[in-house]
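# the sequence and its predicted three-dimensional model are supplied below.
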Amino acid sequence: GNPSLRQLVIRKGAGIKKVEDIKGRVFIGRRPALPEIALITTALFKVYNIDPKSVRIIPTTETNEAMDAIASNTVDAGILPGSAGAGYFKKASREGKIEFFDIPADKMNAMLKMLPPAFDLETVPANTYVGQTKPYIAFDMSTTLVASSKHLSEENGYKIVKSLFDNIEQFKTYHSAAKEWTVQRTLKQAKIPFHAGAVRYFKEKK
């Protein structure tokens, strides 16, 4: 499916020029429903030798809450979820509220080694946001359609995958991210075994 990114977002005007500047700041580093936020926070602090006790790490329950906290200057930075070009990110960048931190590739790869295999890296193209003049790398947990291998038959699994990919143009009218739902990307980005019905469909498409 589409890339579902996890990005280091900085409050514009916070004076954070390098990752180490997060020390002593208020940082969104946890979300109960998204445990990967805490995993990335831990990896980030380890790679940059930041003592977690030197940062005020706070949780949020959903993205709008996190964006409001940044916009109201109560939070300095955080790890936030969202696809490249997500509306709430675009709005905040237009209003001069946020900027995205460009973590060097070597640091991102070092962090990636500390994270579960579901993680990958994705490049956000330049000019995706206002003032973003060069591409940067973000963590990606691609959206994945999952099913029980025991309770979903091969035939029904096949029908679901076929219905999705054979009607992708219609899917795009419901969700802009559907343009990323391609057979090629699915086969490349797979992190868990394919259902037997999906295997059958993909073999037919080859």
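Nice, I can see it. Numbering: from 1, shown residues only.
# what is the mean pLDDT for the strand or helix carrying I10?
Element membership for I10 (DSSP states H and E) is strand 5-11. On average, the pLDDT along strand 5-11 is 95.
# what comes into contact with the helix or strand of the chain with the lowest mean pLDDT?
Ranked by mean pLDDT, DSSP states H and E, the weakest helix or strand in the chain is helix 183-189, scoring a mean of 84. With contact meaning Cβ atoms under 8 Å, 6 or more residues apart in numbering, helix 183-189 is reached by 1, 120, 142, 165, 202, 205. Where C-beta positions appear, they are placed from N, C-alpha and C, glycine not excepted.
# now with 7 Å?
The contact list for helix 183-189 (Cβ atoms under 7 Å, 6 or more residues apart in numbering) reads 120, 142, 165, 202, 205.
# quick check: buried residues in that helix?
Within helix 183-189, the residues that qualify as buried are 186, 189, counting by 16 or more other Cβ atoms under 10 Å.
# quick one: least confident of the contacts of helix 183-189?
Taken together, the contacts of helix 183-189 show their lowest pLDDT at S142, with 83.
# now the helices for the chain?
Secondary structure of the chain (DSSP state H): helices located at 36-47, 63-71, 87-94, 105-112, 154-165, 168-172, 183-189, 196-205.
# list the buried ones in the third one?
Of all the residues in helix 87-94, those buried under the rule 16+ other Cβ under 10 Å are 89, 92-93.
# okay, how far is it across stretch 29-41, tip to tip?
End-to-end distance of stretch 29-41: 6 Å, with Cα to Cα, to the nearest Å as the criterion.
# that one: how far from the chain's middle?
Relative to its chain's centre, stretch 29-41 lies at 12 Å (Cα atoms, centre = their mean, to the nearest Å).
# list of residues touching it?
In contact with stretch 29-41 (Cβ under 7 Å, 6+ apart) are residues 6, 57, 59-61, 78-79, 81, 115, 139, 141.
# out of the residues you listed, who has the most neighbours?
Compared across the contacts of stretch 29-41, G78 has the highest neighbour count, 28 neighbours, by other Cβ atoms under 10 Å.
# ok, the closest residue to that one other than its chain neighbours - how many residues close by?
Spatial nearest neighbour of G78, chain neighbours left out: I28 (2.7 Å); criterion: Cβ to Cβ, 6 or more residues apart in numbering. Residues within reach of I28, counting by other Cβ under 10 Å, total 24.
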